[in-house]
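Chemist: With the input below, show me the fold.
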Amino acid sequence: RLVSSGEKLPGGGRLRTAPNATAILGFFDGSQVSLEPGTEVLLSRVDGDWGRVLRVVLIQTAGKTHHNVIPLRGESSSYMVFTPTGEVSVHGTRFTVAVDSANKSRFSVERGRVLVTTNQSELFLAAGQAASTGPHEELEAPGYQFALQGKLNSVQDGSWSIAGVPFNLSESTS
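Modeler: Residues are numbered from 1 along each chain as shown. Predicted coordinates for the structure are as follows:
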């Protein structure tokens, strides 16, 4: 069914955004998760004690989410996102999770630090880092990421200039 703006969603509910729709879920402590078009999450657990504890467990099976988690209070507070190939847990940070159609998951951190865990491995990602994993794969080594948006001014042997900013490419540039 369609969800209305301002509607309270119960734990255990599934939320799916249409191909042309987005959604923002706000939690009582000010933390938020934004869902891009074509995203599906299950609100496995959403509870807590106002001003003391927040416990959130999301299961993301498709699409891309952006999380802004206020630093959690209390030892029993937790914020976790499970994907088909890994999970991420935080206590206050800004991060993104993307799951593609082949169930490959990509985790990236804008601010703070997150712990990413799979059946095969685990690692901490710091601000500016990203890592991905697929079914039955270990997490790849974290890499630094940045986004540059603008006009591609020039392409020369091993270097590009975007919006007037030059940078060199290497074999590991993707």
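Chemist: Residues contacting stretch 100-108, please?
Modeler: For stretch 100-108, contacts defined as C-beta atoms under 8 Å, 6 or more residues apart in numbering pick out 62, 83-86, 88, 95-99, 114, 116, 125, 129-135, 145. Heads up, the C-betas are built off the backbone N, CA and C, glycines and all.
Chemist: And it, what's buried?
Modeler: Within stretch 100-108, the residues scored as buried using 16 or more other C-beta atoms under 10 Å are 104-108.
Chemist: what's the answer for stretch 138-148, then?
Modeler: For stretch 138-148, by 16+ other C-beta under 10 Å, it's 139, 142.
Chemist: Just the CA coordinates for it, please, in PDB.
Modeler: Provided in PDB are the C-alpha atoms of stretch 138-148 (Å, rounded to 0.1, in the frame of the first residue of the first chain):
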ATOM      1  CA  GLU A 138      35.600 -11.700   1.100                       C
ATOM      2  CA  LEU A 139      35.400  -8.000   1.500                       C
ATOM      3  CA  GLU A 140      37.700  -6.200  -0.900                       C
ATOM      4  CA  ALA A 141      40.400  -4.000   0.600                       C
ATOM      5  CA  PRO A 142      39.000  -0.600   1.400                       C
ATOM      6  CA  GLY A 143      39.700   2.100  -1.100                       C
ATOM      7  CA  TYR A 144      39.300   5.900  -0.900                       C
ATOM      8  CA  GLN A 145      36.600   7.400  -2.900                       C
ATOM      9  CA  PHE A 146      35.600  10.900  -4.000                       C
ATOM     10  CA  ALA A 147      33.000  12.300  -6.200                       C
ATOM     11  CA  LEU A 148      33.700  15.000  -8.800                       C
END
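Chemist: For that stretch, give me every contacting residue.
Modeler: Contacts of stretch 138-148 (C-beta under 8 Å, 6+ apart): 86, 108, 116, 118, 120-123, 125-126, 128-133, 162-163, 165, 167, 172.
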